[in-house]
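[1] Give me a 3D structure for the following:
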Amino acid sequence: MPLERVSQGFKDVSASFQVNPINYDLVTIKNETAINRSIRNLILTVPGEKPFLPDCGCYVTRLLFEQVNNQTADQIRIEIERTIKIYEPRVRLTAVDVRANIDSNEFDVVIRYFIVGANALQQQLSFALQPNR
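    Next up, the predicted model:
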């Protein structure tokens with residue numbers, strides 16, 4: 001049985017790049033918020049977009065211009081699961097739900113996961129994916 005890593009906490013730089021007025025350092029996000037942001041960024045990153053990591057990212061953007069139906073929603077779910085399992089070792093997925101919202105021409109995504117090595121409750125990330133032109 002593999003051992004789970006016990007961590008002290010996670011910290012990432014905020015995407016806003018704001019400066020802390022007290023210590024003049026960049027503002028950071030921690031623990032659940034950092035991992036939440038990381039998962040969302042992975043899903044919205046197109047493979048080839050990151051220098052020196054050509055395979056890092058998710059192919060959901062290709063699927064957003066397909067018909068909004070249950071079959072496309074299932075393909076998006078599979079792609080999101082694959083991406084998170086490969087590129088985010090800090091989480092253990094419990095569920096990825098993708099529903100086609102035909103009226104809004106979008107896919108509603110709910111991702112549930114546990115943070116590996118942290119005594120945190122199950123986390124949930126929800127957002128909508130829609131094609132951008």
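
[2] Residue 46: what secondary structure?
    Per DSSP: H, G, I helix; E, B strand; the rest coil, the local secondary structure of residue 46 is coil.

[3] so it sits right up against residue 57, yeah?
    Yes: Residue 46 is in contact with residue 57 according to C-beta atoms under 8 Å; the separation is 5.3 Å. Quick note: C-beta positions are derived from backbone N, CA and C, even for glycine.

[4] Pick out whichever of the two has more residues nearby.
    residue 57 (20 against 13; other C-beta atoms under 10 Å).

[5] residues in contact with that one?
    42, 45-50, 83 (C-beta atoms under 8 Å, 6 or more residues apart in numbering).

[6] Could you rerun that using 10 Å?
    For residue 57, the contact set (C-beta atoms under 10 Å, 6 or more residues apart in numbering) comprises 41-50, 83, 87.

[7] Against residue 99, how distant is it?
    23 Å (C-beta to C-beta, to the nearest Å).

[8] any idea of the pLDDT on the residue sitting furthest away from the middle of the chain?
    Most distant residue from the mean C-alpha position of the chain: residue 22, 30.9 Å away (C-alpha atoms, centre = their mean). Per-residue pLDDT puts residue 22 at 79.

[9] again, but for the one 10 residues further on
    We note a pLDDT of 77 for residue 32 in this prediction.

[10] Doesn't it belong to a helix?
    Yes: according to three-state DSSP, residue 32 belongs to a helix.

[11] What is the neighbour count of it?
    16.
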